[in-house]
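In: only geometry, no sequence info:
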C-alpha cells in the first residue's frame, strides 16, 4: 500500500501494523542504501588518501569541515522542504508540494553560490582564522579547499532534490543518485590521486577534483529525474518565481534546523582546532575515526529521514496517533540495526581503521575513538529518530536547543577540561563527545514523550488550508 492510498482513507488510523512496517521499509531501505553509499564515497576517498600520508588526511578533513559549515546555511531550506512537501502530500495537494519544491530549489542554489565564491576568494584566511594552522597543513588545505568548494553547489542541488523526494515519500531517487556518485568518485579518485591511466599523481588535489566531478554528475542526474522521470508532484523550473508566503513557511520550519547545524559545525571547527594542537597523528586519527564511525551510523540515518516524512504526512492527514505508531516502529528497527553495526566498532576497531590507513600510529590511536563511539551508537541513532519525528511535526526548535546544550554546554567545555587540565589529550576529547551523545538522547526522548509536538497539528491543518 502506498502512502497516497493510506492518506486517502477517511480514517487515517485505519491501517494495520503490518502495513506500517511495509511502508517504513519501502522508504527506509532506499534511504539506508543511499546513506551507506554516501559513507562509501567518503571511505574510499579517505582510504586512498590514507596511503598518501597524515598531512593529506588532516588537510582534507579541515576542508571538508568547512564545506559542511556551508551546508548548514541551506539546511534550513532542506528541512523545511521535506516537512512542507510531506504535509502537502499527506493532504493530497500535489500542486502545492511542487510549489514548495521550486521555492526551495531557487533559494538554496542562490545562497550556496554566493557563499562558495566568498570561500574560494578567502580560503587561506578562513583556514587560519578557524584552525590557526600553518606550514604544510595550511598550504595543502588551502589548495584542496579552493577546488573542493566548487562541488558544494552541486551538493546543494542533490540535497534539495533529495529533501523534496523524501518529503513526497520517494527515497529511491536519492539512492540512485548516490549509487552513480560512488561509481564516478571511485573511478576518478583512483585515476587522479595515484596517477593511473596516463595521468600524473595529484594526491589531495586529485581527491578534490574527483569529488567535484562525482557531485556534478549526481546533480545533473537528480535534476533530470526530478524534471522528467517522476510524477509525485508538479515540479517545473520555468524562471525564478519567489512566493513570499511559501518561503516564510519553509524558513519558519527550517531555520531552527539551520541554526542547529551551524552551531554544530562551528563547534566542531573549534573542537578540530583543539585536536590540531595535539599533532598530525592525532588529527589524522580523529578525521579517519569520523569516517570509520559512519560505518555504524550511516545505515540507520534512513530511520531519522523516515520519521520526519511519516510524521509530516500523518500530521497532514490529521492524525498524531498514526505518527506515534510510525515512530515506535522506527525506533524498534533502528535499535536492532544499530546494535549490529555498532558491534564492528566495539569488537574490531583496528580492523575497521586499517581499511582507511596503513599508518600504524594512526590505527592504534584511532581504535580508542571507535570503541568510545561504539558505546554511544544506540543513543545517537535513537536521538536521530526522535528528533526526526519532532521535525516532522514542526517542532524544530527543540532539536536545535538540545544540540546547542550538548555541543556548547557539554562537549566543548568538557573536551578542553579533560584533554588539557586533566591531561588525557585527544582521548579526553573523545570521552567528552561520548558523554554529549548520551545527554542529547536523554533530552530528545524526554521531549518526544511529553507530547508537546502534538500541538503542532493545528498549525499543520492551518497550513494545509
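Out: The structure has been received and is ready for your questions. Since the structure is predicted, the reported quantities are computational estimates derived from the model, not experimental observations.
In: find the helix or strand that residue 206 is a member of.
Out: Using DSSP states H and E, residue 206 maps to helix 203-228.
In: also residue 345?
Out: Take DSSP H and E as the rule and residue 345 turns out to sit in helix 320-347.
In: could you do residue 314 as well?
Out: Assigned by DSSP H and E, residue 314 falls within helix 301-316.
In: just residue 27 next, same as before
Out: Using DSSP H and E, residue 27 maps to helix 17-49.
In: about what we covered before: just want the angle from the helix holding residue 314 to helix 320-347.
Out: Angle of helix 301-316 versus helix 320-347, following axes from the mean of the first three to the mean of the last three Cα atoms, to 10 degrees, is 170 degrees.
In: circling back: immediately after the helix holding residue 27, which helix or strand?
Out: Next in sequence after helix 17-49, counting helices and strands by DSSP H and E, comes helix 54-90.
In: tell me the helix or strand right after that following helix.
Out: By DSSP H and E, the next helix or strand past helix 54-90 is helix 94-121.
In: so which elements touch the helix or strand following that next one?
Out: Downstream of helix 94-121, the first helix or strand assigned by DSSP H and E is helix 123-131. Applying 3 or more Cβ pairs under 8 Å, 6 or more residues apart in numbering; DSSP states H and E, we find helix 123-131 packed against helix 54-90, helix 135-148, helix 244-276. C-betas here are computed from N, CA, C, even on glycine.
In: what's the average pLDDT for helix 123-131?
Out: Regarding helix 123-131, the rounded mean pLDDT is 88.
In: got a list of contacts for that helix?
Out: Applying Cβ atoms under 8 Å, 6 or more residues apart in numbering, the contact partners of helix 123-131 are 62, 66, 119, 133-134, 138, 141-142, 145-146, 149, 269, 272-273, 276.
In: what's the answer for stretch 405-423, then?
Out: In contact with stretch 405-423 (Cβ under 8 Å, 6+ apart) are residues 263-264, 267-268, 270-271, 274, 278, 424-429, 431-433, 435-437, 439-440, 443.
In: report the buried residues of that stretch.
Out: Under the neighbour-count criterion of 16 or more other Cβ atoms under 10 Å, stretch 405-423 has 406-408, 410-412, 414-416, 418-419 buried.
In: just how off-centre is it within its chain?
Out: Put simply, stretch 405-423 sits 24 Å off its chain's centre (Cα atoms, centre = their mean, to the nearest Å).
In: average model confidence for that stretch?
Out: Mean predicted confidence for stretch 405-423 is 94.
In: and for stretch 147-165?
Out: Averaged across stretch 147-165, the pLDDT comes to 83.
In: and if you look at stretch 383-396?
Out: Mean predicted confidence for stretch 383-396 is 89.
In: narrow the contacts of helix 123-131 to just the buried residues.
Out: Using 16+ other Cβ under 10 Å, the buried members of the contacts of helix 123-131 are 62, 66, 119, 133, 138, 141-142, 145-146, 149, 269, 272, 276.
In: tabulate those residues in CSV, adding columns for distance to residue 398.
Out: What follows is these, written out as CSV (distance: Cβ to Cβ, whole Å):
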residue, distance to residue 398
62, 31
66, 28
119, 31
133, 35
138, 39
141, 36
142, 39
145, 34
146, 38
149, 32
269, 24
272, 27
276, 33
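In: identify, from the residues you listed, the entry nearest to residue 191.
Out: Nearest to residue 191 among these is residue 146, at 20.8 Å by Cβ to Cβ.
In: who are the contact partners of that closest one?
Out: With contact taken as Cβ under 8 Å, 6+ apart, residue 146 is in contact with 120, 123.
In: if you set the cut-off to 10 Å instead, what comes out?
Out: Under the criterion of Cβ atoms under 10 Å, 6 or more residues apart in numbering, the neighbours of residue 146 are 63, 119-124, 205, 208.
In: repeat that for residue 279.
Out: Applying Cβ under 10 Å, 6+ apart to residue 279 gives the contacts 54, 58, 285, 361, 425-426.
In: picking that back up, go through the buried ones among the contacts of helix 123-131 and name the one nearest residue 219.
Out: residue 149 (14.9 Å).
In: gap between the residue nearest the centre of the chain and residue 383?
Out: By Cα atoms, centre = their mean, the chain has its centre lying nearest to residue 301, at 8.2 Å. Distance from residue 301 to residue 383, counting by Cβ to Cβ, to the nearest Å: 12 Å.
In: one more: residue 452?
Out: Remark: distance between residue 452 and residue 383 (Cβ to Cβ) = 17 Å.
In: who's more crowded, the two?
Out: Just comparing residue 452 and residue 383: by other Cβ atoms under 10 Å the higher neighbour count belongs to residue 383, 26 against 12.
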